[in-house]
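Enquirer: Sharing a sequence plus its predicted fold:
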Amino acid sequence: MFRIGFSEDIHPFKEGRKLFLGGIEIKNEVGLDGHSDADVVLHVVTEAILGAMTYGDLGTLFPETDPKYKDISSAEFLKTVVEIMHKEGFKINNVDIQIATAHPYLREYIVPMRERIAELLDTRPINVSIKAMTFNKIGPIGEGKACKAQCVLMLKHK
């Protein structure tokens, strides 16, 4: 049995915050605004798994109204959901992620992000694809005001 999950998320940039994408810290002058560390990449991967298993969305399991999630690493969300995924008898078949941001350029971070996400998902990096785009100076993403990520993935029953 296979299940497909999809998610997209967008966060605005904010001064005074570190930038985390794909479970790693990225060198940048600003970070993303959010209740947690705002790692938009891990958010979409986590939520796509939840969707594939019909468990709802990220905010259902980890509400931003709960102070225990304030500034928490988004890797903790993903670890929790991967545990649920395993208990339900699923494992990752493949993950395809697209990140849209005008800054910073992400080329040098793609491999480390793939490796970190694979580690968190208990799979191999060959099963995790990441692509980056800039939106060519169009809209809030292209103007450097926000970062967006999308994820589609396939789970298979063990």
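Expert: Received, thanks. Nothing here was measured: the structure is a model prediction, and the numbers come from that model.

Enquirer: quick one: the strands in the chain?
Expert: Ranges of strands in the chain, per DSSP state E, are 2-14, 19-21, 24-26, 31-32, 90-100, 128-133, 146-157.

Enquirer: nearest to residue 59, of the ones you listed?
Expert: Ranking those by proximity to residue 59 (C-beta to C-beta) places strand 2-14 first, at 10.7 Å. Every C-beta, even on glycine, is put in place using the N, C-alpha and C of the backbone.

Enquirer: Okay, now the sheet partners of the closest one, with direction.
Expert: Paired neighbours of strand 2-14 in the sheet (DSSP bridges): strand 31-32 (antiparallel), strand 146-157 (antiparallel).

Enquirer: Just name the most buried of the ones you listed.
Expert: strand 31-32 (a mean of 24; mean count of other C-beta atoms under 10 Å).

Enquirer: Residue 120: neighbouring residues, count only.
Expert: Residues near residue 120, counting by other C-beta atoms under 10 Å, number 22.

Enquirer: scratch that, residue 85
Expert: The number of residues packed near residue 85 is 22, by other C-beta under 10 Å.

Enquirer: From residue 92, how far out is it?
Expert: Separation of residue 85 from residue 92 (C-beta to C-beta, to the nearest Å) stands at 8 Å.

Enquirer: next one: residue 9
Expert: Between residue 9 and residue 92 the distance is 19 Å, computed by C-beta to C-beta.

Enquirer: what number of residues lie near the residue nearest to residue 42 when sequence neighbours are not counted?
Expert: Spatial nearest neighbour of residue 42, excluding adjacent residues (C-beta to C-beta, 6 or more residues apart in numbering): residue 74 at 3.9 Å. Neighbours of residue 74 under the rule other C-beta under 10 Å: 26.

Enquirer: Hmm, residue 74 is touching residue 46, no?
Expert: Yes - applying C-beta atoms under 8 Å as the test, residue 74 and residue 46 come out as touching, 7.2 Å apart.

Enquirer: residues contacting residue 47?
Expert: If you count contacts by C-beta atoms under 8 Å, 6 or more residues apart in numbering, residue 47 has them with 5, 7, 9, 57, 58, 151.

Enquirer: correct me, but the third one touches residue 100?
Expert: I take that to be residue 9. No - Residue 9 is beyond contact range of residue 100, at 10.9 Å (criterion: C-beta under 8 Å).
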